[in-house]
Every structure is written in structure tokens, then in C-alpha cells.
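Q: Let's see this in three dimensions:
(3 chains)
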Amino acid sequence: MSEVLLRDIIERLGGELIGDPETRIESIEPLESATPTAISFLANPVYAKQLAGSSAACVIVAPAFRDAAAARGAAIVSADPYLYFARLTQWWAERTRPPVPAAIHPSAAIDQAARIGARVAVGAFAVIEAGAIVGDDVRIGPHAVVGAGCRIGTATRIGPRVAVVAGTTIGARGIVHAGAVLGADGFGFAPDRGRWEKIEQLGRVVIGDDVEIGANTCIDRGALGDTVIGDGVKIDNLVQIGHNVRIGAHTAIAGCVGIAGSATIGAHCMLGGGSGVNGHVTIADHVVVGGATQISRSIAKAGFYSGSFPFDDNASWEKNAATLRNLHALRERVRALEKKSP
Amino acid sequence: MSEVLLRDIIERLGGELIGDPETRIESIEPLESATPTAISFLANPVYAKQLAGSSAACVIVAPAFRDAAAARGAAIVSADPYLYFARLTQWWAERTRPPVPAAIHPSAAIDQAARIGARVAVGAFAVIEAGAIVGDDVRIGPHAVVGAGCRIGTATRIGPRVAVVAGTTIGARGIVHAGAVLGADGFGFAPDRGRWEKIEQLGRVVIGDDVEIGANTCIDRGALGDTVIGDGVKIDNLVQIGHNVRIGAHTAIAGCVGIAGSATIGAHCMLGGGSGVNGHVTIADHVVVGGATQISRSIAKAGFYSGSFPFDDNASWEKNAATLRNLHALRERVRALEKKSP
Amino acid sequence: MSEVLLRDIIERLGGELIGDPETRIESIEPLESATPTAISFLANPVYAKQLAGSSAACVIVAPAFRDAAAARGAAIVSADPYLYFARLTQWWAERTRPPVPAAIHPSAAIDQAARIGARVAVGAFAVIEAGAIVGDDVRIGPHAVVGAGCRIGTATRIGPRVAVVAGTTIGARGIVHAGAVLGADGFGFAPDRGRWEKIEQLGRVVIGDDVEIGANTCIDRGALGDTVIGDGVKIDNLVQIGHNVRIGAHTAIAGCVGIAGSATIGAHCMLGGGSGVNGHVTIADHVVVGGATQISRSIAKAGFYSGSFPFDDNASWEKNAATLRNLHALRERVRALEKKSP
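A: As a prediction, the model looks like this:
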């Protein structure tokens, strides 16, 4: 059952409880739509006005909202309500999801020359090739393929039908979602009289600890050296990471981002959804890139960078876009006027 | 054999026939390149000038083109030639494609605690986990994974190596193409002193009836509540739909679209290829978004919205793009000139 | 072992050797970071200043750099150092990668009505359906699905869990990376009183010789005619190619590109990462499209075309983007000033 008492939550996660510790909690719900047996949270002061009207049994709040929360019912006061909420979801998942038994499905094809750690779960039809080393407590989903010589670190979870191509290394406590491809060839060709000659991709993919990789995301192996993903990096779905890219620790990359070959992204960066990074570009630590922004040159300084074209109703956009195609000429006309102007 | 008589088509799909009902039709082809045993259609008046020159045995036309069509050969007159054509392709596919036998491949791994309806086809190496409920007449392709507790509605077709992750619900008569991932984790983390703490994604994906989902498309499970795709929604390939997105009925989404978390899209919308929608944005019913347009704020009113940057030859683009970076300053200069101007 | 002598390289690949043919080479490395037992190359004169300081045992250079290279150690002089390097990587891969035995994994499900050539390798759990024709020396990865009636040409390599859907044809010497989907339905529907009626996709995907297709890329089958990919085309990861697209020979398409239905791309084109092509657009031969550029109308002339919006720090971008929304009005104001100006 997924029911707990507020007392259980406080015992597990700390925080100061205002209200009856015997209150029963049956779900975690957003503040606005919470039902009377739910626990909710107020992380962003923008939503403070929803607090009074919420039907939640208990709300997790920052100290500044202690009184407002107490005025409406039970509350848990925490210095960082969003982090508290994150940890609560983790505990909730642990309690409510059926445990994956540490068993090897009889249909899995595990090469005799692979090394499998203790308490490893391997799903139906998974393939583990020769020379692969799978750490303790790893979970490998159905239909996943772990290629020759790959290493999967302790307690990492490989989702259903992930392809980990030969030679790829993944650290500990990682999560790789369904359909991701780690270690396919980078895109490299030399022109030869109008044809393309393949540059074999001789490097690897090396992924740090605590990395999460989204569904159907692709990370290419290096051409000569390796493609390197730092510790704690979080990557969303359908992201393309080219060969020899290097991503610094704890950087977060939203969905549909494309990072071209040999780009270097700093640590603690955030790349918005649909953004892109040109090849060979270098981005400093702590850079935030807005959604749908193409980073076409290096960024040496931490900060927030944007560049998506503003949308509009189609008629206005057409007029502005047409003018835009002559923008340089418009500037010249302004210059001419300025010269004439006394 | 894929050969039919015009008589057969009319009997099956209706419409008024002009010409010999015994005419043999061997294929469906575009007007411009149709061969003499093909049936074709004229749906867009823009192509009317191709009518007279077409070699097609028969052309499906609207009443306005009855005479022009009759002047060149056989014709089927229908109020909506494009819809007639669509139904003809359906009948054609039914007649010409080998039927998928309602058989369970012996290699499929179906948990004893899964419930499988009548006349279900399951392909080689497909996995159906405990608690899954698969409706009557469902077809599950080779290598597809239907996770614990998923529900697949009547007559839905799951393509090869689709991943339907635990808890996902799909309605009736759906089509999911190869490689799609339904129900992987949404992208949610709380910052904690420079690291990211995972917010477990506790919601589900709930998909209505008559939904088509393209190859390698990803739809994430909700963080707390569910991600909801309405009835009749059509989604193309390589589309990313974030957690807690809601998409209204009969909306069509072209390839490479990214919809960030908690966005709400109305019913009967159309999103062009490569467009994007920011998180938490709301879009009204009957909104059409042009290709490559980033919807960065809510749209309250039906209409056609665009916003892709006009391309140009590289030299012109460079000059315009450079000017663009000082556009605000240019406006200030115009203002200054206006002030001076008598 | 991956060690060779310079003598071996010259014997295999030609070129003029300066220095000791007995020099041992243990790796191929970039010029800048090469170790003393590595061979490197100087392909782009921009990096010429790295030559003198490189620790590489040997550097592949163009004739113009013969003296500079000889001044620092061994060198191989070749008219095209980048092409020489490409061929060296191919030989290196051949020598160092474990050969894939031409064996059919016992778990593979091969229909009796499929025709399999000589020396074919088929991985674990691969599925080859009835009527498929697989040429000599083909390698099919684990979990790949080759649908009914598909043809795979001589020596083509199909990666792990690729889906080749019924009726698709692939030429000789191709490479298809993990997760690609070839031949799923194109996106076609006829509107019917607010609902979408499916247009069954009756065409195929036809792929030429020497084509490489990236991980998780999708190529849709044609609606009526076929989707056609010419000889020697190279396609990166996560690319979407719609129904009835035609791509000319030796065109290269970088990651995250989307090409909408019925677009025609010429031969010897290059499409930059994240670019897009509208439906029904025609692009001439030898067109180069910059990254993140949306090709919204046909291009009749070879050349370099760009159109990505310049990014900036967020404050500057906001000011410019706001001005941009009134750009047309600004032009009118300049016109008014010009009229007044004597």
C-alpha cells in the first residue's frame, strides 16, 4: 500500500512538522489540484496564492510560509521544499514500485566471457557480449544489448532495449532509458572526388557516475579520443551528442538538443529544449542556454544566453520576416539619414 | 492480386462513376506520373492543370471538375476526393498486405499474470509483463515490450520493438510505430548544492482511442499526475512529449517537434515539423503552428502562428544577422532621427 | 595487437615516407595531444602551428608541409592527408576489431521463406521474416528485425536492434546504426469533419549502395511511390526523412535534421545539424545548408545558405527580439523619414 503517516515522512526525511503526526497521506499531488489525503509542496513563491485554497492534507513549505501554511492545516517546514519533495518522491517510488528481483531471465543471452556482478537483474532477451563487465546491483532491462568489452558500474539501471555498443563505459548509479544508443559511430568522412570515405570511429564513450540518459538519446563514440560525459550529468530524451564531445559534471541537457562533434560544454550548465551547439565550440561552466537557441560560437563567460526567433501571428511574421531579409539595407538607409540630419 | 475493377471500388466506397465499370485498376498513383492502369485523384485545385495530361485510367475528382475529368477518361466524382483517396488506400492495404495471423510466436515471453484478449498476434521475442492487459484483436510486433500493468485497447497495433513502459494505457484502434517509447521517466530534478536530485516520476502516460504515434517518438510519464494524449491525435516520428503534457483530441503533430513539460495543447491543433512548445505554455483549440516555430508563450486564440528565421545565401544572412544583433540600437537611432525631424 | 611499423602503413596505403620505416606506431591521435608512439595528421592548415610542437612519432602532411614536418621527425607526405587518415582508420579498425564470425546465432528467428546469402552473420534474437533476401557477407546485429520481403545488399551491416520494415530495399556495402527505423509509415491523413482519416502508406523505402544511416534515424516509406536515398548518401543520428523524399547521391545529412514529405534534395549536398527542409521543396545539387537553418522554399542554385537566428546574452536578445516584432513598422518609419528628408 502507498499510504503513510506524516510521522513516517518526518522520520524518514526530517523537517519540522506542524499538525497531527497521525495524519494519513495517500498520494503526492500538485498544490492546486491536491485532494484531502494528499501531501503537496510550495517551492516557487509565484504559487503562494494557491496555498490558502489548497485541499492538501499537508503542504511542504519554506520557513517564510510557515504561518500561512499552518493557518490552513498540516505543514512540513523545510529549508528547501523542492528538494524535500524530490526526496519524498524517491521514497514513494521505493515503497510503491514492485522490486525488480535480482534474477537473470532464462532467455537472456549472456556470453560466457562476460563478468556479471552480484545481485544483477537481467531482463528477457537481453544480450551481454564477451568481455563485458557488469557491476553489482546492476539492472539490465529486457532487450538491452551490452556490447563486447563494455563496463556498467555498480547499481546502474539500463532500461529496455538500450544499445550499449562495444567498448562503452558507464559509471555507477546511472539510469539509461529505453531506446538510448551509446557508442554508435560518430559522423566522420573525408571527401574523395565527390564521394565520402568513412573515417572509422576508433574512440569510445566514457560516462561518469550518477548520469541519467533519456529515451532514444544517442551518444556517439569518439573518432580518435573518447566522448566524455561527466559525473552527475542529466540528459533528456532524443538528444544527439556527437563524437568527441565533452560535457562537464552536473550539466543538464533538455530534450531534442543536438551537440555537434568536438564541442566542449562546461560543468553546471543547462541547455534548454531544442537548443543546439556547433562543432568545436567551447562553453564555459555555469552557462544557461535558452530553448531553441543555436550556440554558433564559443561562450567564455557564465551567464544566460538566448536566441530563438519570436513567433507571431502568421501575417505579422511574414511582414517582419520579409523586412528582415533587407535589414542590412535598412541600416544603411538609417545611416544615410543620419548623415543628412543636421 | 492487387487488381480491381472500377465497379468494385464504387461498390465499396460509393461515389458517382463516369466511364466503364469494367475498367481494370492495378495501382494508385499520383496524377502527374500515373500509368494507364492506375487510379489517381485531384484533391488540390492547384494541380488541376495536370488533369488533362494525366495517363491515369480513372481520376477521383470533386463535382467542380466533373466535366474536365470526363473529357479525358473515366472518373469518380466525390464531394471530397482526398478523403475518398484515403479510404481507397485503406481498402488497398487490406486487400494487398498479407494478413498478420492471430498467433503468439513461440519465442514471445508473456508473463502468466498478463491478460491477453482474443485473436491477439504477438511477434517474435515480444515481452508482455505481469499485470498487462491486452485487448482483443491487438497486434504486438516482434521485440515489443509491454511493461507491467500496461493496458492496450482493442485492435491497437504495436509495431516492432516499441517500448510501452510500466503503467501506460493505450486506447482502442491505435497504431504505434517501431521504436517509440511510451512512459519513460520525465525530466525532473531538484538542484542540491550544484548536484541534481532525481524527482521520481510517479504519474503515467494515458493515450486515447485512434491515436497514431510515429517511429522513435517518446512520450514521458507524468511527474505526479499523468501525461494525457486525447482521442484521434496523430503524432509523427522523433517527437518528444514531456511529462504532464496534455494534448487535446484530433491534434496533429509533425516530425521532430518537442513539447516541454506541463504544456497544454488544445484540440484540433496542427504543429508543423520541427516546431517546439515551451514548458507550462497553454495553446487554444484550432491553433496551427508553422514549421520550425518555437511557441514561447501561451496562445489564447485560434489562428495560424509562425516564427522561423528566413534563410538566405550565406553572405546576405551574415550581414542581416550582424545587423540584427544591434536591432534595438537601430530603433533608437530611428527615434533620434524622428525627434530631430521637423 | 594494434602496433604497426611505418613501413607497414606505407606498404598498405602508399605515400612518401620521410624517416625510419622501422618506427613503431601504437595509435592514431590528434596532432595537438599525440603521444610519442602515435601517428597523427595535418589536414587543415589552420592547425599548422601545432606541427612543430607535436610529440607524434609521425605526421601525415600535404606536400606544402613536407619541410616543416621533416624538421620535427618522421612524416608521410600525401596529396590529401585527410583522405589518407580516413583510409588509415579503416585499416586500423580492420586490424584491431575482433572479426564478427559469419555465424547465425541459434536464438535468431529466421523464417523458412527468407533467403540468406553466403557468409552472413546474424546476431542474437534477430528476426528475419518471410520473403526477405539477405545478400552475401551481410552482418545483422542482435535484435535487428528485417521485415517481410526486404532486401539487404551484399556486405551491408545492419546494427543492433535496427527495424527494417516490410518491403524496404537496401543496397550493397551499407551501414545502418542501432535503433534506426527504415520503412515505418509516412505521416498522411485526410481531414474528415474534424477527425483524421489515415492514408495507408503503400510505397516503400529504396536505399542505394554505400549508404550510412545513423542511430535512431527514421526513413518513412512512401505514400504512393517510394522514398529514395541515392548511392553514397551519409545520414547522421536522429534524422527524420518523410515519405516520398528523394535524396541525390553522395549527399551528407548531419544530426537532428528533419526533411518533410516529398522534398527533393540534390546530389552532393550537405545539410548542417538541426536544419530542416519543408515539404515539397526542391534543392539543387551542390547546395550546402548551414546548421539550424529551415529551408522553406526551393533552392535552384548551388551555394551556401544559412538562416539561424544569432544568439546573444539574454538581455540583449530580449531587446532585439522585442524590436524585431515591430520591424516592419520600423521600416515604415524610416520610409517616412526618407520622404521628409530633402
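
Q: pLDDT of the top helix by length along chain A, averaged?
A: Identified as the longest helix of chain A according to DSSP state H is helix A:81-96. On average, the pLDDT along helix A:81-96 is 97.

Q: Report the buried residues of that helix.
A: Using 16 or more other CB atoms under 10 Å in any protein chain shown as the burial criterion, the residues of helix A:81-96 that qualify are A:81-89, A:92. C-beta coordinates here come from the backbone N, C-alpha and C atoms, glycine included.

Q: closest to residue C:339 among these?
A: Comparing the buried residues of helix A:81-96 against residue C:339 with CB to CB places residue A:82 closest, at 57.5 Å.

Q: quick one: that closest one from residue A:18, how far?
A: Relative to residue A:18, residue A:82 is positioned 19 Å away (CB to CB, to the nearest Å).

Q: Help me see whether the longest helix of chain A makes contact with chain B, please.
A: Yes. Using CB under 8 Å from any CB of the partner chain, we find that helix A:81-96 touches chain B at A:82-83, A:85-87, A:89-90, A:92-93, A:96.

Q: go on, stretch A:136-152?
A: Yes. With CB under 8 Å from any CB as the criterion, chain B is reached by stretch A:136-152 at A:141-143.

Q: could you dump that stretch to CSV, C-alpha only?
A: The C-alpha coordinates for stretch A:136-152 follow below in CSV (Å, rounded to 0.1, in the frame of the first residue of the first chain):
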residue,chain,number,x,y,z
ASP,A,136,27.0,-5.4,-8.6
ASP,A,137,23.3,-4.5,-8.3
VAL,A,138,23.0,-3.5,-11.9
ARG,A,139,19.6,-3.9,-13.6
ILE,A,140,19.5,-4.6,-17.3
GLY,A,141,16.1,-4.3,-19.0
PRO,A,142,14.5,-6.7,-21.5
HIS,A,143,16.0,-6.5,-25.0
ALA,A,144,19.0,-4.4,-23.9
VAL,A,145,22.3,-5.1,-25.7
VAL,A,146,25.6,-4.6,-23.8
GLY,A,147,28.3,-5.0,-26.4
ALA,A,148,31.7,-6.6,-26.2
GLY,A,149,34.0,-5.1,-23.6
CYS,A,150,31.5,-2.6,-22.1
ARG,A,151,31.6,-1.8,-18.4
ILE,A,152,28.5,-1.0,-16.4
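
Q: Touching, residue A:142 and residue A:159? I think so.
A: No. Between residue A:142 and residue A:159 there is no contact under CB atoms under 8 Å: 9.2 Å.

Q: Residue A:93: what's its closest spatial neighbour, skipping adjacent residues?
A: residue B:200 (3.8 Å; CB to CB, 6 or more residues apart in numbering or on different chains).

Q: Can you list the buried residues in stretch A:197-208?
A: In stretch A:197-208, counting by 16+ other CB under 10 Å, buried: A:197-208.

Q: follow-up on the earlier one: contact partners for the residue nearest to residue A:93?
A: A:89-90, A:92-93, B:185 (CB atoms under 8 Å, 6 or more residues apart in numbering or on different chains).
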